[in-house]
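Peer 1: Provided below for reference: sequence and predicted model.
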Amino acid sequence: MKKPVVLGVLFILPLVVYLFFASGVTNFGRLSLLKENISWSIEETFPPLKGKISLLIFLGNAANENKGYLFNFNQKIYKRFSEFTDFRTILVSSEGQKEAVEAILSELAQISDTSRYINYTTTDTQIEALFNSIGTDLSLDSNVSSPYVFIVDKNAALRGRLNDEDEGIKYGYDMRSVAELNNKMEDDMKIILAEYRLALKKNNAYSTEAK
């Protein structure tokens, strides 16, 4: 009798543990929604947010000053998730900074595929309006730039954390901190991508059942 019991424990217990954690991811592994329906109607030329997961980075007048932070982001986040077709990163900079951003992207192109970066330039006033529309407790610096990157989902809603262990509500991810990109943003990106993969599987299942 002992042998079947031992075999049962060895094979069944891992399955039970797996199902427990899989259920937990399905029910609780969702990235918090911080603001719905972000309005980006300020400029018609701004890339429409709906339909893709957009990571927003505000370089303002300080593209070169933020270059190091952008390289952190590129190595720890962008390269890891750029293979997903519904993913993109929008670099928002001031007029006169377009060439500086293009030069940075040329450097990044030597170590990664930069096709999912969008270089968008506009006035400082528009940058402030765009930033304020996100609705965070953060602010732009004197160069209308920010070291934080923001996650906006396919429904143009800001995502983050409501109960972050360090900040409480976490609106953005600090590119100055490699540890934060590694330990927090990477995890949160995995969660939001898993949400969409799960939703896609459900929709495909429903479509199959309907046929």
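Peer 2: Looks like it arrived, so ask away. Numbers count the residues shown, from 1 in each chain.
Peer 1: pLDDT below threshold where in the protein?
Peer 2: Low-confidence segments of the chain (pLDDT under 70): 1-29, 40-45, 199-211.
Peer 1: mind listing the helices for it?
Peer 2: Remark: helices assigned in the chain by DSSP state H are 2-28, 67-73, 79-81, 98-108, 124-134, 178-180, 186-210.
Peer 1: report the beta-bridge partners for the most centrally placed residue in the chain.
Peer 2: The residue lying closest to the centre of the chain (CA atoms, centre = their mean) is Ile151, at 3.9 Å. Assessed by DSSP bridges, Ile151 has beta-bridge partners Leu55, Arg159.
Peer 1: is it correct that it is in contact with Lys170?
Peer 2: No - applying CB atoms under 8 Å, one finds Ile151 not in contact with Lys170, separated by 10.2 Å. C-beta here means a position set from N, CA and C on the backbone, and glycine is covered the same way.
Peer 1: mutual contacts of these two, please.
Peer 2: Counting by CB atoms under 8 Å, 6 or more residues apart in numbering, the common neighbours of Ile151 and Lys170 are Gly160.
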